[in-house]
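Chemist: need a 3D model of the following:
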Amino acid sequence: MERQTIIDALDTFARQRPGMEYGNYGDIRSYRSELRSIGKDLGDARTLLRAIELSAMPVDTLQKGFRAYSGRLSLVNGKLEYCTGQYFPTEYRKAVCAVCAAAFWDYFRDDFAASAKPGESAGDAIRRNFRRHFGRSIANRWFN
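Modeler: Predicted coordinates for the structure are as follows:
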């Protein structure tokens, strides 16, 4: 399967409407709070997918990223399949972000670990580099 096909499938999956039901929430405040969180996840997914698209990440590294998020998001016969854990609207975009983050971790692990400063662990060096590339908020959510 081609890398761009996987990226497009992940993008389409992340962009779908969450399908929230107002009746599942006690009031408008909690409903809107959940909407903001879901919107933030979409922004993170778009940022991570765009970075993958611009990278030279091989398709096998991207495919290995599907182990993330307990493997609930999987690529089967060229199509994405998702097994809901608790509540689909709040987790499906997180699954896309987790897959992207796992693929990035695998792709950059050796290079970023080699850049460790004296007294810095390899993991801290990797996280430092991801903060530099993606900013503190995305790095804290997906690379810690």
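Chemist: from Glu21, how far out is the most centrally placed residue in the chain?
Modeler: The residue lying closest to the centre of the chain (C-alpha atoms, centre = their mean) is Cys97, at 1.0 Å. Distance of Cys97 to Glu21, computed by C-beta to C-beta, to the nearest Å: 23 Å. Any C-beta I mention is one placed from the backbone N, CA and C, and that applies to glycine too.
Chemist: quick one on the thing from earlier: toward the C-terminus, what is the element adjacent to the helix or strand the residue nearest to the centre of the chain falls within?
Modeler: Using DSSP states H and E, Cys97 maps to helix 88-114. Sequence-wise, the next helix or strand downstream of helix 88-114 (DSSP H and E) is helix 122-134.
Chemist: now do the helix or strand just after that following helix: which elements does it pack against?
Modeler: Counting by DSSP H and E, the element after helix 122-134 in chain order, helix or strand, is helix 136-142. Judged by 3 or more C-beta pairs under 8 Å, 6 or more residues apart in numbering; DSSP states H and E, helix 136-142 is in contact with helix 28-54, helix 88-114, helix 122-134.
Chemist: out of those, which is closest to Leu62?
Modeler: Between Leu62 and those, the shortest gap by C-beta to C-beta is with helix 88-114, which sits at 4.9 Å.
Chemist: now Ala116, nearest residue through space, not along the chain?
Modeler: Ala125 (3.7 Å; C-beta to C-beta, 6 or more residues apart in numbering).
Chemist: hmm, Gly119 and that neighbour touching each other?
Modeler: No. Using C-beta atoms under 8 Å as the test, Ala125 is too far from Gly119 to be in contact (10.7 Å).
Chemist: who has more neighbours out of these two?
Modeler: Ala125 (18 against 6; other C-beta atoms under 10 Å).
Chemist: and the closest residue to Phe134 other than its chain neighbours, how far is that from Cys83?
Modeler: Excluding its sequence neighbours, the residue lying closest to Phe134 (C-beta to C-beta, 6+ apart) is Thr47, at 6.8 Å. For Thr47, the distance to Cys83 equals 25 Å [C-beta to C-beta].
Chemist: and those two? Which one has more around it.
Modeler: When Thr47 and Cys83 are compared for neighbours, Thr47 comes out ahead with 16 against 12, by other C-beta under 10 Å.
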